[in-house]
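Enquirer: Got a predicted structure here, sequence first:
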There are 2 protein chains.
Amino acid sequence: MQVQPIGIVHSAFKECQGMPVQPTRACGAVGTVRLFDEFVAGLKDLAGFERIWLLYWLHRARPAQMSVTPFLDKLPHGLFATRTPARPNPIGLSHVRLWEVKGATLHVSDLDICDGTPLLDIKPYVPQFDCVAVTRCGWLDTAAPTTGVADGRFEQIGVKNI
Amino acid sequence: MQVQPIGIVHSAFKECQGMPVQPTRACGAVGTVRLFDEFVAGLKDLAGFERIWLLYWLHRARPAQMSVTPFLDKLPHGLFATRTPARPNPIGLSHVRLWEVKGATLHVSDLDICDGTPLLDIKPYVPQFDCVAVTRCGWLDTAAPTTGVADGRFEQIGVKNI
């Protein structure tokens, strides 16, 4: 089970430290997604969607640990109860605002992704599929306020962009 | 860039044909997710969340084609403007209702995943992060009504469960 990059995310975040933790906190952070040539034909009709999901390879993340203290709390939790980047399969998930598709390049905003991140997939964001109300959000319901930005705790040192 | 299964999804859908196309259409479809032993400690605190995202390996999907006619329309579209399972990196994304965490087993519903599918990741579903209103959903806004269930068009023949 191998994955291959289909493109690269370009953002202003050259380091993970100081990044917004979720897209909803990243309003105004613009960037681009550049697809490799062989996948550009798959972008047809994507411009009709206001938002898109990006799935990407968290290439700077440390190896996973089963208990983590996430950016948004001061207490440790099970890894799968958090959105920490250090996961057994380091696949990130963010929805971004899509402004323009120009050839192989997507112009996007609300981007909470580190510059140089390998892209794995694009899916249309569809509230009818993706949005549902819930009454409970676990530890997030009672977490103490934090800065809401990332620090280096889940980052490997010296990882190069591809 | 290799991914490894962290568990297996068990559902009533032994074949992809006839499956609901999105979790919001799969109300009542119950099933289980069984994690492999080394990942069970990562489930701590997950039970506090009413819904969870499952990321999984679409192991029965055919190789990707850049133009596809999706289950929910009668016209072809660019692959990335659809949620078809046949993708360059066949990673599926569904949110399901989490009813109980019992050891290595999650009891879930609203499951639109084929039985035996390898699980890649679990993330908490957080409306504050995951839900946002949009004004446009591309071709889905004007698609002709379809059955809303899957057929075999994106499925490889003879793929075995792991």
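Expert: Nice, I can see it.
Enquirer: Show me what A:His107 bridges to in the sheet.
Expert: A:Thr32, A:Glu100 (DSSP bridges).
Enquirer: just the strands in chain A please.
Expert: Applying DSSP state E to chain A gives strands spanning A:7-11, A:31-35, A:51-57, A:67-68, A:77-78, A:91-102, A:105-109, A:117-124.
Enquirer: would a markdown table of those with mean neighbour count and mean pLDDT be doable?
Expert: Where you see a C-beta, it was placed from the backbone N, CA and C, and this is true even at glycine. Shown next, in a markdown table, are those (neighbours: other Cβ atoms under 10 Å in any protein chain shown; pLDDT from 0 to 100):
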| stretch | mean neighbour count | mean pLDDT |
| --- | --- | --- |
| strand A:7-11 | 22 | 96 |
| strand A:31-35 | 20 | 97 |
| strand A:51-57 | 22 | 98 |
| strand A:67-68 | 18 | 95 |
| strand A:77-78 | 23 | 96 |
| strand A:91-102 | 20 | 96 |
| strand A:105-109 | 20 | 97 |
| strand A:117-124 | 24 | 98 |
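Enquirer: Okay, A:Leu54 and chain B: tell me how far apart.
Expert: To chain B, A:Leu54 is 10 Å away according to Cβ to the nearest Cβ, to the nearest Å.
Enquirer: ok, now how distant is that residue from B:Gly28?
Expert: Using Cβ to Cβ, to the nearest Å, A:Leu54 is found at 31 Å from B:Gly28.
Enquirer: need the helix or strand of chain A with the lowest average pLDDT.
Expert: Here the helix or strand of chain A ranked lowest by mean pLDDT, DSSP states H and E is helix A:127-130, holding a mean of 92.
Enquirer: unless I'm mixing things up, A:Thr135 is touching B:Glu50, no?
Expert: Yes - taking contacts as Cβ atoms under 8 Å, A:Thr135 lies within contact range of B:Glu50: 6.0 Å.
Enquirer: what about these two, which has more around it?
Expert: More crowded of A:Thr135 and B:Glu50, by other Cβ atoms under 10 Å in any protein chain shown: B:Glu50, with 18 against 6.
Enquirer: Identify the residues contacting the residue nearest to A:Ala133 when sequence neighbours are not counted.
Expert: Computed as Cβ to Cβ, 6 or more residues apart in numbering or on different chains, the closest residue to A:Ala133 that is not its neighbour in sequence is B:Pro127, at 6.5 Å. By Cβ atoms under 8 Å, 6 or more residues apart in numbering or on different chains, the contact list for B:Pro127 reads A:Cys131, A:Val132, A:Ala133, A:Val134, A:Cys137.
Enquirer: beta partners of the closest residue to A:Leu93 other than its chain neighbours?
Expert: Among residues not flanking A:Leu93 along the chain, A:Leu55 sits closest, at 5.9 Å (Cβ to Cβ, 6+ apart). Counting by DSSP bridges, A:Leu55 is bridged to A:Leu93, A:Asp121.
Enquirer: and stretch A:74-92, does that touch chain B?
Expert: Yes - using Cβ under 8 Å from any Cβ of the partner chain, stretch A:74-92 reaches chain B at A:His77, A:Gly78, A:Leu79, A:Phe80, A:Ala81, A:Thr82, A:Arg83, A:Arg87, A:Pro88, A:Asn89, A:Ile91.
Enquirer: Tell me the buried residues in that stretch?
Expert: With burial defined by 16 or more other Cβ atoms under 10 Å in any protein chain shown, the residues of stretch A:74-92 counted as buried are A:76-92.
Enquirer: Look at that stretch and report the distance between its end residues.
Expert: 22 Å (Cα to Cα, to the nearest Å).
Enquirer: gap between that stretch and the chain center?
Expert: For stretch A:74-92, the separation from the chain centroid amounts to 13 Å (computed by Cα atoms, centre = their mean, to the nearest Å).
Enquirer: Same question for stretch A:99-119.
Expert: Taking Cα atoms, centre = their mean, the mean C-alpha location of stretch A:99-119 is offset from the chain mean by 11 Å.
Enquirer: Could you do stretch A:84-101 as well?
Expert: Put simply, stretch A:84-101 sits 2 Å off its chain's centre (Cα atoms, centre = their mean).
Enquirer: Quick check: phi and psi on the residue sitting furthest away from the middle of chain A?
Expert: Distance from the C-alpha centroid of chain A, by Cα atoms, centre = their mean, peaks at A:Thr135 (24.6 Å). Dihedral pair for A:Thr135: phi -100, psi -10, per degrees, to the nearest 10.
Enquirer: Model confidence for it, exactly?
Expert: We have a pLDDT of 95 for A:Thr135.
Enquirer: ditto for the one 5 residues further on
Expert: The predicted structure scores A:Leu140 at 92 on the pLDDT scale.
Enquirer: cool, A:Ile157 as well?
Expert: 69.
Enquirer: Same question for A:Ile162.
Expert: Looking at A:Ile162, its pLDDT is 61.
Enquirer: circling back: closest to B:Val3 out of the strands of chain A?
Expert: strand A:91-102 (7.5 Å; Cβ to Cβ).
Enquirer: Mind listing residues that contact that closest one?
Expert: So strand A:91-102 is contacted by A:22-23, A:43, A:46-47, A:49-58, A:85, A:106-113, A:117, A:120, A:125, A:130, B:3, B:53, B:55, B:91, B:93, B:120-121, B:123, B:130, B:132 (Cβ under 8 Å, 6+ apart).
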